[in-house]
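Trainee: Fold the following.
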Amino acid sequence: MNGLANCNLRCWADALLSNELPADPRLLDVIRPHLADPARARRVITDLGRSDSSFSLLDLLSQLLTAQFDQLVVPAMDAARDIPHQLPRRLAVAYAAQVPDENRDKRIDIHLEGEDLVSPLAELAVLVSHRRFESARTSADPTQVAHLLSTFGVRLEKLGQYEEAVTATEESVATCRELVADRPDVYRPVLAGALTNLGNWRGQLGRYEEGLTAAEESVAIRRELVADRPDVHRPDLALALNNLGSHLNEVGRYEEALTAVAEAAKL
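Mentor: Predicted coordinates:
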């Protein structure tokens, strides 16, 4: 370990990957000077996560993420592309150990969405969404609550947690209905999107008739929107009709399903 104290990043990484490092937590003191630069931090995290060493380098990685989460969260999210089997769970656990911080959550959300990392980091994404919507609920901002609940439902679905996704999305739909009463021009498209998701998640649970009901309402709203502004809303109606066709097919109404899909193709 002493021989690596002044080692550059390449030196200790080679030793790490060739299993030449001892089982010594002081390795963290060797690593920390390399973490200020995001690109190097990503490399450090990737090398730790890929190590096949006999001692628990992965536990050292977890300690590092928990202790320096705010510094490492973005490089760690990026590194998840390289080590999808080791890092996502450890990153989610490290996040859960942090004191809630709204600015941190927004920063994570922006990176998750901007870099298309929601699927590979679905567990982290769900935890962040849950904290954000709980915070928004206390602020009495129904617009923010509806948006965050919808996002929460989508992310729960990516984890296969369909019951929880339905519950979150049902609450989002209920909130959207209240908002539509005050500002229909703004919130009808949001309600239609929430209903589409609700129908899909219900279908995943085998609740096909309930899923169809939500999909039908979504199409009805999209038709109203197209009547007002066809150039803006026609593509969304086409998507809703294709989705409706899938739901009709699930309940055995095959001719109606074909009709819906055919109408979508003409838009």
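Trainee: Now the element after whatever helix or strand residue 127 lives in, going C-ward?
Mentor: Assigned by DSSP states H and E, residue 127 falls within helix 122-138. Next helix or strand after helix 122-138 toward the C-terminus (DSSP H and E): helix 142-158.
Trainee: Just the residues contacting the next helix or strand after that following helix, thanks.
Mentor: Remark: after helix 142-158, the chain's next helix or strand is helix 162-182, criterion DSSP H and E. Applying C-beta atoms under 8 Å, 6 or more residues apart in numbering, the contact partners of helix 162-182 are 133, 142-143, 145-146, 149-150, 152-154, 156-157, 186-188, 190-191, 194-195, 197-198, 201-202, 204-205, 214. (Glycine included, C-beta is placed from N, CA and C.)
Trainee: The same query, at a cut-off of 7 Å, please.
Mentor: Here helix 162-182 makes contact (C-beta atoms under 7 Å, 6 or more residues apart in numbering) with 142-143, 145-146, 149-150, 152-153, 156-157, 187-188, 190-191, 194-195, 197-198, 201-202, 204-205.
Trainee: Quick one: low-confidence residue ranges for the stretch 1-150 of the chain.
Mentor: 1-27, 51-57, 140 (pLDDT under 70).
Trainee: how about the helices in it?
Mentor: Assigned by DSSP state H, counting those that start in this stretch, the helices in the stretch 1-150 of the chain fall at 9-17, 27-31, 38-50, 57-67, 69-79, 87-96, 102-114, 122-138, 142-158.
Trainee: quick one: the second one to chain centroid distance?
Mentor: Between the centre of helix 27-31 and the centre of its chain there are 32 Å (C-alpha atoms, centre = their mean, to the nearest Å).
Trainee: If any of the contacts of helix 162-182 are buried, give me the ChimeraX selection for them.
Mentor: Restricted to buried positions by 16 or more other C-beta atoms under 10 Å, the ChimeraX selection for those reads:
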select :142,145,146,149,150,152,153,156,157,187,188,190,191,194,195,197,198,201,202
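Trainee: Could you pull out the buried residues of the host helix or strand of residue 245?
Mentor: In the assignment (DSSP H and E), residue 245 maps to helix 230-250. Going by neighbour count (16+ other C-beta under 10 Å), the buried part of helix 230-250 is 233, 236-250.
Trainee: Please identify which of these is nearest to residue 101.
Mentor: Of all those, residue 236 has the smallest distance to residue 101: 35.3 Å, by C-beta to C-beta.
Trainee: Which residue is the nearest non-sequential neighbour of the closest one?
Mentor: Using C-beta to C-beta, 6 or more residues apart in numbering and skipping residues adjacent in sequence, the residue nearest residue 236 is residue 222, 5.6 Å away.
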